[in-house]
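Undergrad: structure, please.
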Amino acid sequence: MAVVVISRLPADVTPDDITSFLREQGYSGDIGNIRIDAASGQPLAWVQLDISNAAATAVSAQLNGRVWKGQTLACTETLLFK
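TA: Now for the predicted structure:
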């Protein structure tokens with residue numbers, strides 16, 4: 001599994017919203033745990049995806065700069081999850 005970090009999310013985002021968004025963007029693989037941190041006032045999420053690190057980099061590049069619910073997303077990091 002890999003972890004994709006998505007920041008600049010809408011303030012009211014939920015894990016279900018993120019799952020739906022990923023599906024709308026064409027991601028059809030398994031989505032694991034989604035952890036949202038909104039403590040800074042601008043939520044960011046760690047999303048576990050059942051893909052290789054290279055595929056996670058591609059997903060990150062696809063999402064980076066995408067406008068969703070009025071917010072321009074930033075996907076800044078992908079990590080191998082063991």
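
Undergrad: find me the pLDDT at Thr57, would you?
TA: Listed pLDDT for Thr57 reads 88.

Undergrad: what number of residues lie near it?
TA: 16 (other Cβ atoms under 10 Å). All C-beta atoms are positioned from the backbone trio N, CA, C, and that covers glycine.

Undergrad: that one: which element?
TA: helix 53-63 (DSSP states H and E).

Undergrad: give me the residues contacting that helix.
TA: Contacts to helix 53-63, defined as Cβ atoms under 8 Å, 6 or more residues apart in numbering, come from residues 2-4, 6, 25, 27, 49, 51, 73, 75-80.

Undergrad: what comes up buried for it?
TA: 55-57, 59-60, 63 (16 or more other Cβ atoms under 10 Å).

Undergrad: about what we covered before: now, which of the contacts of helix 53-63 sits nearest Arg35?
TA: Among the contacts of helix 53-63, Val3 lies closest to Arg35 (Cβ to Cβ), at 9.2 Å.

Undergrad: buried stuff in stretch 68-81?
TA: 68, 71, 73-75, 78, 81.

Undergrad: contacting residues for Ala11?
TA: 38, 41-43.

Undergrad: my error: substitute Ile51 in the last question.
TA: By Cβ under 8 Å, 6+ apart, the residues touching Ile51 are 1-2, 29, 59.

Undergrad: does it count as helix, strand or coil?
TA: coil (DSSP: H, G, I helix; E, B strand; the rest coil).

Undergrad: please enumerate the helices of the chain.
TA: Per DSSP state H, the chain carries helices over the ranges 15-24, 53-63.

Undergrad: Asn33: which of those is closest?
TA: Closest to Asn33 of those, according to Cβ to Cβ: helix 15-24, at 8.5 Å.

Undergrad: packing partners for that closest one?
TA: Applying 3 or more Cβ pairs under 8 Å, 6 or more residues apart in numbering; DSSP states H and E, one finds that helix 15-24 contacts strand 31-37, strand 44-49.

Undergrad: can you say which of those is packed in most?
TA: Most buried of those by mean neighbour count (mean count of other Cβ atoms under 10 Å) is strand 44-49; its value is a mean of 20.
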